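Visitor: sequence? don't have it. structure:
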Ligand SMILES: CC(C)(COP(=O)(O)OP(=O)(O)OC[C@H]1O[C@@H](n2cnc3c(N)ncnc32)[C@H](O)[C@@H]1OP(=O)(O)O)[C@@H](O)C(=O)NCCC(=O)NCCS
C-alpha cells in the first residue's frame, strides 16, 4: 500500500486511531451536505472499509494530512462507484481548508496513482449537480462531463477521464 506526498499534503493509510478525526469530519452537516452526515456507528463502518479496501483491491481512501499542521484534514482516493466495477475519485475535506486548492492537489496525486502506478484505464467521478466545489475540482483535473446519471440514490453529474487523456501537467491546482 503506497503513501503519497504532495507539496502541502501527505496521503497516508487510515488506522483505527483516526476514528475521532474522521467522525468530526463525517458528522459535520456542512461538510457532508451532499453525502449525508454519518453517526459514530456509520463512521466506524466507513473507517473499517477505508482500511480493508486497500487489502482487497490495491486502491482505496487515504487519510489526508496537512503537512504544515500535521492535522488529519480529510480523505481522498479511489473506490468503486456504487456497486459497479467502475473506479471513482472521491474526496472530503474539513471546511477550514476549502478553496485553497487542496482538493485538487489531493485529486491529482490520486489520479497519478490510479493511472501511473496501478495502470487503470479509466477513472470516473460523480457529484450532486449543485455541488459546485466538487464539480470544479473534477473539471480542474481534466475530467470530461459525460452524462446525467443516478447513483447512491440521487441524481448526479457523471464525469470521466481515460489513462491516455490524463495530463497531470495541465491540471490546475489553484
Ligand atoms: C469538494 C471539496 C473536496 C473541494 O476541495 P477544495 O480544496 O475546496 O477544492 P479546490 O480549492 O481545489 O477547488 C474548489 C473550487 O471550487 C470553487 N468554488 C467553491 N465553492 C464555490 C461556489 N459556491 N461557487 C463557485 N465556485 C466555488 C473554488 O473557487 C475553486 O475553484 P477555482 O480554483 O477555480 O477558484 C470540498 O469542497 C469538500 O470537502 N466538500 C464537502 C465534501 C464533498 O462534497 N465531497 C464531494 C462529494 S462528490
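Guide: That came through fine. If you're wondering where the values come from, they're calculated on a predicted model, not measured in any experiment.
Visitor: tell me the residues of the chain that contact the ligand?
Guide: For the chain, the residues in contact with the ligand (CB under 6 Å from any ligand atom) are 31, 34-35, 91-93, 98-104, 127, 131-134, 136-137, 174. To be clear about C-beta, it is placed using only N, CA and C from the backbone, and glycine gets the same treatment.
Visitor: mind checking which of these are in strands?
Guide: Assigned to strands by DSSP state E, the following of the residues of the chain next to the ligand qualify: 91, 92, 93, 127.
Visitor: quick check: the farthest pair among the residues you listed?
Guide: 93 and 127 (14.2 Å; CB to CB).
Visitor: how far out from the middle of the chain is stretch 108-120?
Guide: Centre-to-centre, stretch 108-120 and its host chain are 13 Å apart (CA atoms, centre = their mean, to the nearest Å).
Visitor: now stretch 144-163
Guide: 15 Å.
Visitor: buried sites along it?
Guide: Neighbour-count burial for stretch 144-163, counted by 16 or more other CB atoms under 10 Å, picks out 151, 156, 157, 158, 159, 160, 161.
Visitor: can I get these in CSV with distance to residue 71?
Guide: Converted to CSV, the buried residues of stretch 144-163 look like this (distance: CB to CB, whole Å):
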residue, distance to residue 71
151, 31
156, 30
157, 31
158, 32
159, 29
160, 32
161, 30
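Visitor: what is the nearest of these to the ligand?
Guide: Nearest to the ligand out of these is residue 156 (CB to the nearest ligand atom; 7.9 Å).
Visitor: tell me which residues are up against stretch 25-32.
Guide: The contact list for stretch 25-32 (CB atoms under 8 Å, 6 or more residues apart in numbering) reads 37-40, 42-43, 46, 74-75, 92-95.
Visitor: please enumerate the helices of the protein.
Guide: 19-26, 40-57, 102-112, 132-140 (DSSP state H).
Visitor: who does the second one touch, helix- and strand-wise?
Guide: Spelled out, it's helix 40-57. Contact analysis of helix 40-57 by 3 or more CB pairs under 8 Å, 6 or more residues apart in numbering; DSSP states H and E lists helix 19-26, strand 61-66, strand 71-80 as its packing neighbours.
Visitor: among these, which is the most enclosed?
Guide: strand 61-66 (a mean of 24; mean count of other CB atoms under 10 Å).
Visitor: returning to that earlier point: can you put the ones in strands among the residues of the chain next to the ligand in TSV and add distance to residue 118 and neighbour count?
Guide: Formatted as TSV, those follow (distance: CB to CB, whole Å; neighbours: other CB atoms under 10 Å):
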residue	distance to residue 118	neighbour count
91	18	22
92	22	20
93	23	23
127	23	19
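Visitor: switch the helices and strands packed on helix 40-57 over to JSON lines, and while doing so, append distance to residue 142 to every line.
Guide: Conversion of the helices and strands packed on helix 40-57 to JSON lines gives the following (distance: least, CB to CB, whole Å):
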{"stretch": "helix 19-26", "distance to residue 142": "27"}
{"stretch": "strand 61-66", "distance to residue 142": "20"}
{"stretch": "strand 71-80", "distance to residue 142": "16"}
